[in-house]
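Visitor: Predicted coordinates and the sequence they were generated for:
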Amino acid sequence: MLECNQMAKTPQKTPPKGLKPPWKKGDPSPNPNGRPKGQRNFAVIYREALEKIAKTQNMTPEEIEDIMLQSGLKKAIKGDYQFYRDTFDRLHGKPEQTQNLKHSGSISLTKLLDSADSIADEDEE
């Protein structure tokens, strides 16, 4: 079960390649006070909503969440994954995407790993 004190993932501190930060290095921060105190993230808002609904229905937040998950599963079976994608991505972060590497020739895994190690060693130097 999700705890209220779980924080959302911290955003990237460096901009993606090709984008420059909105201020120059060494200049004062454009947001010196940071995020306002007491600002709630999605996990807290979600949990508070569950608690509020549960109170009006004389149920526990866990029972309400179970009902929501069952409803989401029924929709997913029919091909509608929006509930899972939106809710779980916000609560737990998006899953890492993997790359499918295809090679037309034959190469041994050992040889591939050795060449990757040698490239990594060159990058460190």
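Guide: Structure received.
Visitor: all contacts plus neighbour counts: C-alpha atoms, from now on.
Guide: Noted.
Visitor: For the residue sitting nearest the centre point of the chain, report the pLDDT, please.
Guide: Nearest residue to the geometric centre of the chain (C-alpha atoms, centre = their mean): residue 93, 1.5 Å. Note on residue 93: pLDDT of 81.
Visitor: buried stuff in the helix or strand in which residue 76 is found?
Guide: Assessed by DSSP states H and E, residue 76 sits inside helix 61-77. Within helix 61-77, the residues that count as buried by 16 or more other C-alpha atoms under 10 Å are 61, 64-65, 72-73.
Visitor: quick one: which of those residues is nearest residue 117?
Guide: Residue 117 has its nearest neighbour among the buried residues of helix 61-77 in residue 73, at 42.9 Å by C-alpha to C-alpha.
Visitor: returning to what we had before: for the helix holding residue 76, what does the pLDDT average out to?
Guide: 89.
Visitor: Just want to check the distance between residue 96 and residue 116.
Guide: According to C-alpha to C-alpha, to the nearest Å, residue 96 stands 21 Å off from residue 116.
Visitor: out of these two, which sits in the busier spot?
Guide: residue 116 (12 against 6; other C-alpha atoms under 10 Å).
Visitor: So residue 54 sits against residue 64, correct?
Guide: Yes. Between residue 54 and residue 64 there is a contact at 6.2 Å, judged by C-alpha atoms under 8 Å.
Visitor: where does the chain have low pLDDT?
Guide: Along the chain, segments meeting pLDDT under 70 span 1-21, 100-109, 120-125.
Visitor: Which stretches in it count as helices?
Guide: 42-57, 61-77, 82-92, 109-124 (DSSP state H).
Visitor: got TSV for those, with distance to residue 28 too?
Guide: Shown next, in TSV, are the helices of the chain (distance: least, C-alpha to C-alpha, whole Å):
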stretch	distance to residue 28
helix 42-57	30
helix 61-77	44
helix 82-92	31
helix 109-124	32
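Visitor: Select, out of these, the one closest to residue 25.
Guide: Residue 25 lies closest to helix 109-124 among the helices of the chain, at 25.2 Å (C-alpha to C-alpha).
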